[in-house]
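Participant: Kindly generate the corresponding structure for this input.
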Amino acid sequence: MTRPEQQAVIRGFGASAVGRRLPSSEMALTVDACLAALADAGLTRDEIDGLATFPGGGFDTPGLAGPGADEVHAALGLRTNWKYGGPEGGQLGAFFSAILAVATGLARNVLVYRTVGEASAQGAAGRAAALAGSGDVAVSGFRRWLAPFDAHSPVNWIALHAQRHMHEFGTTREHLGTIAVNNRANAARNPDAVYRQPMTLADYFGARIISTPFGMYDCDVPCDGSVAFLVSHIEAADDGPHPAIGIESIGWAMWHRPLWDQWPDMTEMAAWDVAAHLWERSDLTPADIDQVQLYDGFSFLPLMWLEALGFCGKGEAGPFLEAGKRIALDGPLPLNTGGGQLSGGRLHGCGLLYEACVQLRDRGGDRQAGRPETVAVGVGGGPTAGAAILVRR
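Facilitator: Below is the predicted model of the structure:
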């Protein structure tokens, strides 16, 4: 039986400039990315009848939300039959919603974008100051239960999971550092990455601790930038100037309470639910995957995703890395070929989806890792996640 996601393809993709404190506005970056995606797909604005974004203006962290769908709708002068913008469903929620809109006939060509302006919004004071805000601000939602413990940031929340994993399985900071060093090596080959200078494990261990066990190089780098994708019906897959990218399966499950600090097993996260859902919907297995683009908001998260997706056993991700040999560009399972978020820039997961498309179109240049037929993308940490398997057509 054909699954709904197999009725859709990524017909085009594009990106704006990505960097630290760029002179362009978030809207200008968004328009640049969207127009690049349209050109790549061989479509005009008049042919776009759907629009989707995450979080749709739904976050209060400075620079994280990006322009909402209505703003971009107006800026591009679109006529849409379907539109989505909201914070629920995780970073890939807009992409998945676009797939379903196309599969059900609500739209034929959906423009999906994700924009961040965190680097400019935070300024020289950095992320901590932006999170703290100014003055006495009332804490609401789930944060009110974490604030008494001074756990104000995801770095604190995910550190709890990493600490538990270390306690249960012997995972080490060297394993975390291997992820950081691998991603920096890949970023050095990516002209669009934020941080490209070489980094060693000694550099990693020399950085200050942020929230044990995470140091500075365990945390992704805020940036300004935008990426966009054109999701079309498979019937139009061969109409563009470039080969469309197929969607084998998606995983979007949530089988537990969506709470950061009360997961039943603190060595797991929502990625485990998502991974199980992904494989249930696919005829492929982990052995069929050529490379992975895994969320690295913090260095522990790719380890967790490797285990959740079944590339190794639970608790085995650290040794599985083989000191970085297994996940290198020339290894059997290249990881985060563009530098990920740790070095490439925090495009909030959608940069990983973009990199998967780059690799499947053989556009990676010096960072191209072979000629992959299948790429697994896993995005999210804590209680929200999504995953997809993209395939060469």
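Participant: Wait, G90 touches G381, no?
Facilitator: No - with contact defined as Cβ atoms under 8 Å, G90 does not reach G381; the gap is 9.8 Å. Placement of C-beta: from N, CA and C, glycine included.
Participant: So V116: helix, strand or coil?
Facilitator: Classification of V116 using DSSP: H, G, I helix; E, B strand; the rest coil returns strand.
Participant: mind checking how far it is from P222?
Facilitator: Using Cβ to Cβ, to the nearest Å, V116 is found at 8 Å from P222.
Participant: can you list residues touching both of those two?
Facilitator: Residues touching both V116 and P222 (Cβ atoms under 8 Å, 6 or more residues apart in numbering) are 63, 346.
Participant: Contact partners for F95?
Facilitator: Going by Cβ under 8 Å, 6+ apart, the list of residues near F95 reads 52, 112, 229, 231, 350, 353, 386, 388.
Participant: if I've got this straight, it is in a strand?
Facilitator: No - assigned with three-state DSSP, F95 falls outside any strand and is helix.
Participant: sorry, back to before: just the contacts of F95: which are in helices?
Facilitator: With DSSP state H as the criterion, helices contain 350, 353 from among the contacts of F95.
Participant: Pipe the contacts of F95 into CSV and attach neighbour count per row.
Facilitator: Converted to CSV, these look like this (neighbours: other Cβ atoms under 10 Å):
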residue, neighbour count
A52, 28
V112, 28
F229, 28
V231, 32
C350, 28
L353, 26
G386, 29
A388, 27
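Participant: now the contacts of F95 in a markdown table, with distance to A376 and pLDDT?
Facilitator: Converted to a markdown table, the contacts of F95 look like this (distance: Cβ to Cβ, whole Å; pLDDT from 0 to 100):
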| residue | distance to A376 | pLDDT |
| --- | --- | --- |
| A52 | 22 | 98 |
| V112 | 19 | 99 |
| F229 | 17 | 99 |
| V231 | 18 | 99 |
| C350 | 16 | 97 |
| L353 | 11 | 99 |
| G386 | 12 | 98 |
| A388 | 8 | 99 |
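Participant: Of the contacts of F95, which is the nearest to A244?
Facilitator: Nearest to A244 out of these is V231 (Cβ to Cβ; 9.9 Å).
Participant: which stretches of the stretch 51-200 of the chain have low pLDDT?
Facilitator: Applying pLDDT under 70 to the stretch 51-200 of the chain picks out residues 58, 124-138.
Participant: For it, which segments are assigned as helices?
Facilitator: Listed in chain order, the helices of the stretch 51-200 of the chain (DSSP state H, counting those that start in this stretch) span 69-76, 93-103, 118-122, 127-132, 143-146, 154-169, 173-187.
Participant: Looking at those, which is nearest to E26?
Facilitator: Of all the helices of the stretch 51-200 of the chain, helix 118-122 comes closest under Cβ to Cβ, at 8.3 Å.
Participant: Return the alpha-carbon coordinates of the closest one using PDB.
Facilitator: Output in PDB follows, covering the C-alpha atoms of helix 118-122 (Å, rounded to 0.1, in the frame of the first residue of the first chain):
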ATOM      1  CA  GLU A 118      18.800  34.300  16.900                       C
ATOM      2  CA  ALA A 119      22.400  35.700  16.500                       C
ATOM      3  CA  SER A 120      21.200  39.200  15.800                       C
ATOM      4  CA  ALA A 121      18.400  39.100  18.400                       C
ATOM      5  CA  GLN A 122      20.800  38.000  21.100                       C
END
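Participant: Just give me the residue closest to the centre of this structure.
Facilitator: The centroid of the chain falls nearest to G349 when counting by Cα atoms, centre = their mean (1.3 Å).
Participant: Now do the strands in this protein.
Facilitator: Using DSSP state E, the strands of the chain run over 8-15, 50-53, 82-85, 109-117, 209-211, 214-215, 224-233, 245-251, 291-294, 374-379, 386-392.
Participant: Quick one: closest of those to Y195.
Facilitator: Closest to Y195 of these is strand 224-233 (Cβ to Cβ; 13.7 Å).
Participant: got the residue ranges for the helices in the stretch 251-393 of the chain?
Facilitator: Taking DSSP H, counting those that start in this stretch as the criterion, the stretch 251-393 of the chain carries its helices at 270-280, 300-308, 317-320, 340-343, 350-360.
Participant: looking at the ones you listed, which is closest to A237?
Facilitator: helix 350-360 (13.4 Å).
Participant: elements contacting the closest one?
Facilitator: In terms of contacts (3 or more Cβ pairs under 8 Å, 6 or more residues apart in numbering; DSSP states H and E), helix 350-360 is packed against strand 8-15, strand 224-233, strand 291-294, helix 340-343, strand 374-379, strand 386-392.
Participant: mind putting the ones you listed in a markdown table, distance to P154 included?
Facilitator: Shown next, in a markdown table, are the helices and strands packed on helix 350-360 (distance: least, Cβ to Cβ, whole Å):
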| stretch | distance to P154 |
| --- | --- |
| strand 8-15 | 24 |
| strand 224-233 | 20 |
| strand 291-294 | 16 |
| helix 340-343 | 12 |
| strand 374-379 | 14 |
| strand 386-392 | 17 |
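Participant: just so I know, which of the ones you listed lies nearest H167?
Facilitator: Nearest to H167, of the helices and strands packed on helix 350-360 and by Cβ to Cβ, is strand 291-294 at 22.6 Å.
Participant: Would you mind giving the strands of the chain as TSV with distance to Q163 added?
Facilitator: Output for those, formatted as TSV (distance: least, Cβ to Cβ, whole Å):
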stretch	distance to Q163
strand 8-15	35
strand 50-53	34
strand 82-85	36
strand 109-117	28
strand 209-211	10
strand 214-215	10
strand 224-233	32
strand 245-251	26
strand 291-294	20
strand 374-379	21
strand 386-392	25
